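Asker: sequence first, then the predicted structure:
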Amino acid sequence: MDVDLKQVEEAAKALYIRALKILPPDIKSGIAALAQRETDPTARTILGTMIRNISVAEDTTNLLCQDTGIPIYNVSIGRGVNVDGYALKQAIRAGCERATREHPLRSSVVHPVTRRNEHTSCGRGVPVIHIDFSDIEETLAIEMIPKGSGSENSSWLKMAIPAEGVDAIKTFVVDCVLESGGKSCPPTIVGVGVGGTADLCVHLAKQAATRPLGSRCADPEGAQLEEALSVAVNQLGVGPQGLGGDATAFAVHIETAATHITMNPVAVNMQCHSARRARATFTPSGVEYGF
Amino acid sequence: MAHYDFNTPVGEARIRALRVNDTVTLNGTLYGIRDATQIHLFDRGRKTRFDLAGHAVIHTAPNVKKVEPSAAHPAGYAPVCIGTTTSARMERFTRPLMRRYGVRMIIGKGGMLADSLAAFAELGGVYLAIVGGAAALETTWIEQIEDVDLDDLNPESLWRFRVKGFGPLLVAMDSHGASLYTELKKSAAGRRAAALASLGIE
């Protein structure tokens, strides 16, 4: 399969706007489920407002949240796909820029030192583009994540040591949820990276935070840990918006990687209740949009 | 737990009457302000021509569309999506905002810290919590972008919005030393041991 880069540019543009406007069904039902279970009256009102906001955004075809985030594109290239990788990255960047100018969207991206905003949602190294490969025949998938700053500012890495064991990982996650309070716009998906190098550990946390609700860690050890931690953090009573209640997190998601004999790294990256993502899948029969 | 409808600006007595868990809905003028706006106002000696006395500011940087100035869009901007950002980053600006500009209400999400709470008590102010991430809904409460100042900082300009039925907003920090965030932080910290015990950590 040959990939039409003009189509990739269009998809990169459409995905950004789509992600900002339409919440994935797993997140929508996740909020509804939390609202149904919530026992705190203030928290119930807040969750109700979040649900109302989702329908207002759909009815008015408006953005769910003002924060257009840092644009992230996760590209997965299957087998038998012919594509110029460098041109693919350029096409994605062009689509991201066009979404910002043509919709228009607020460009939330500035130079880290001068704080200059080019009003394109692009800059050095941004959009973030991750390229990976899959064994799926003749399929190229692009996932778009507009990562909001309220939740992104709730990010931590701890290079724990082996003598501290798995207890260090568990304690760190609980303490990060406490520290984050209402700043990350809870209920959140608490993304946790366990193992790897420092950079891989943080990357795993981001992957975990942006995974669909209901998905489980492929590593059984990680899956067990995410179940126990999901229960534990929801005992803290932080609640929606940090104003108290049962619904602190939709779930704790964990991704793991092997690590060094001397290392025990753990990273946390949060995703807010507006857990936005969109996906375009290119196959020989065309482009299909989903989540 | 009382509800108040305010036409802005409001005087100190009405602000001091507010207690945490009350709710407020705003009508009239609302100012939008953010990190860069306040860095420029308070660290870089810039000034605004707007009179913020007795007013509410919201921690925001909106999505806007540039249009020809008209009666409907006097500032040359149409609102696209206007929401709220995390307040705690702007903690150190609460006191100068109140002291120098007479701001009485800060609208945001996630809460502010001890110095803001002290400033609210000393100078007569409140923090009004809005639901973060509910910007599509919030946008329906904005009638117009009336004016804009410090627009070289766009989108972190100083925005003047005209609002109608903006709320209900929850009084989460009042001028009597009460903060729902401090209370919550204490009670959540108290539950930490039980949460860790459920994970087999004593």
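Answerer: Received it, and whenever you're ready, just let me know what you need. Numbering: from 1, shown residues only, chains lettered A, B, ... in the order given.
Asker: would you state the strands of chain B in chain order?
Answerer: Using DSSP state E, the strands found in chain B span residues B:3-7, B:23-33, B:56-59, B:63-66, B:77-81, B:105-108, B:126-129, B:142-149, B:158-173.
Asker: output these as CSV; include the columns mean pLDDT, distance to chain A and mean neighbour count.
Answerer: Placement of C-beta: from N, CA and C, glycine included. Converted to CSV, the strands of chain B look like this (pLDDT from 0 to 100; distance: least, C-beta to the nearest C-beta, whole Å; neighbours: other C-beta atoms under 10 Å in any protein chain shown):
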stretch, mean pLDDT, distance to chain A, mean neighbour count
strand B:3-7, 98, 13, 14
strand B:23-33, 98, 10, 22
strand B:56-59, 98, 11, 27
strand B:63-66, 97, 4, 18
strand B:77-81, 97, 4, 20
strand B:105-108, 98, 10, 26
strand B:126-129, 98, 7, 26
strand B:142-149, 98, 11, 19
strand B:158-173, 98, 7, 22
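Asker: residue in chain B nearest to chain A?
Answerer: B:Gly83 (3.1 Å; C-beta to the nearest C-beta).
Asker: what's the burial count for that residue?
Answerer: 29 (other C-beta atoms under 10 Å in any protein chain shown).
Asker: now for the residue nearest to it when sequence neighbours are not counted: which residues touch it?
Answerer: Setting aside the residues directly before and after it, B:Gly83 is nearest to B:Ala135 in space (C-beta to C-beta, 6 or more residues apart in numbering or on different chains), at 2.7 Å. The contact partners of B:Ala135, taken as C-beta atoms under 8 Å, 6 or more residues apart in numbering or on different chains, are A:53, A:62-67, B:81-84.
Asker: mind doing that once more with 6 Å?
Answerer: B:Ala135 makes contacts with A:65-66, B:81, B:83, as judged by C-beta atoms under 6 Å, 6 or more residues apart in numbering or on different chains.
Asker: can you report how many residues neighbour residue 183?
Answerer: Using chain A. Neighbours of A:Lys183 using other C-beta under 10 Å come to 24.
Asker: could you do chain B instead?
Answerer: B:Glu183 has 14 nearby residues by other C-beta under 10 Å.
Asker: same thing with A:Thr61?
Answerer: Count around A:Thr61 with other C-beta under 10 Å applied: 10.
Asker: cool, and the one 3 residues further on?
Answerer: For A:Leu64, the count of nearby residues is 27 (other C-beta under 10 Å).
Asker: give me the three-state assignment for it.
Answerer: coil (DSSP: H, G, I helix; E, B strand; the rest coil).
Asker: wait, it sits on A:Val56?
Answerer: No. Using C-beta atoms under 6 Å, A:Leu64 is not in contact with A:Val56, being 9.0 Å away.
Asker: identify the contacts common to those two.
Answerer: With C-beta under 6 Å, 6+ apart, A:Leu64 and A:Val56 have common neighbours B:Ala136.
Asker: how many residues are close by A:Asp219?
Answerer: 16.
Asker: my read: it touches A:Thr256, true?
Answerer: Yes. In this structure, A:Asp219 is within contact of A:Thr256 by C-beta under 6 Å, at 4.6 Å.
Asker: how far does stretch A:55-66 sit from the chain's center?
Answerer: Chain-centre distance of stretch A:55-66: 19 Å, with C-alpha atoms, centre = their mean, to the nearest Å.
Asker: tell me the pLDDT at A:Ala141?
Answerer: We have a pLDDT of 98 for A:Ala141.
Asker: the helix or strand hosting it: what's the following helix or strand?
Answerer: Here A:Ala141, judged by DSSP states H and E, is contained in strand A:140-147. On the C-terminal side of strand A:140-147, the closest following helix or strand by DSSP H and E is helix A:149-152.
Asker: and the next element down the chain from that next one?
Answerer: strand A:155-160.
Asker: quick one: residues in contact with that next one.
Answerer: Residues contacting strand A:155-160 (C-beta under 6 Å, 6+ apart): A:168, A:172, A:176, A:202, A:264-269.
Asker: which among these gets closest to A:Thr100?
Answerer: A:Asn269 (23.9 Å; C-beta to C-beta).
Asker: can you tell me the SS state at the closest one?
Answerer: Going by three-state DSSP: A:Asn269 is strand.
Asker: related to what we said a few turns ago, which residues does the residue of chain B closest to chain A contact?
Answerer: Contacts of B:Gly83 by C-beta under 6 Å, 6+ apart are A:65-66, B:135, B:138.
Asker: how about 8 Å then?
Answerer: With contacts defined as C-beta under 8 Å, 6+ apart, B:Gly83 is in contact with A:65-67, B:60, B:62, B:132-135, B:138-139.
Asker: any chance of these in JSON lines, plus pLDDT and distance to A:Ala33?
Answerer: Converted to JSON lines, the contacts of B:Gly83 look like this (pLDDT from 0 to 100; distance: C-beta to C-beta, whole Å):
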{"residue": "A:Cys65", "pLDDT": "97", "distance to A:Ala33": "21"}
{"residue": "A:Gln66", "pLDDT": "97", "distance to A:Ala33": "26"}
{"residue": "A:Asp67", "pLDDT": "97", "distance to A:Ala33": "24"}
{"residue": "B:Thr60", "pLDDT": "97", "distance to A:Ala33": "30"}
{"residue": "B:Pro62", "pLDDT": "97", "distance to A:Ala33": "31"}
{"residue": "B:Gly132", "pLDDT": "97", "distance to A:Ala33": "20"}
{"residue": "B:Gly133", "pLDDT": "96", "distance to A:Ala33": "18"}
{"residue": "B:Ala134", "pLDDT": "97", "distance to A:Ala33": "19"}
{"residue": "B:Ala135", "pLDDT": "98", "distance to A:Ala33": "23"}
{"residue": "B:Glu138", "pLDDT": "98", "distance to A:Ala33": "24"}
{"residue": "B:Thr139", "pLDDT": "98", "distance to A:Ala33": "27"}
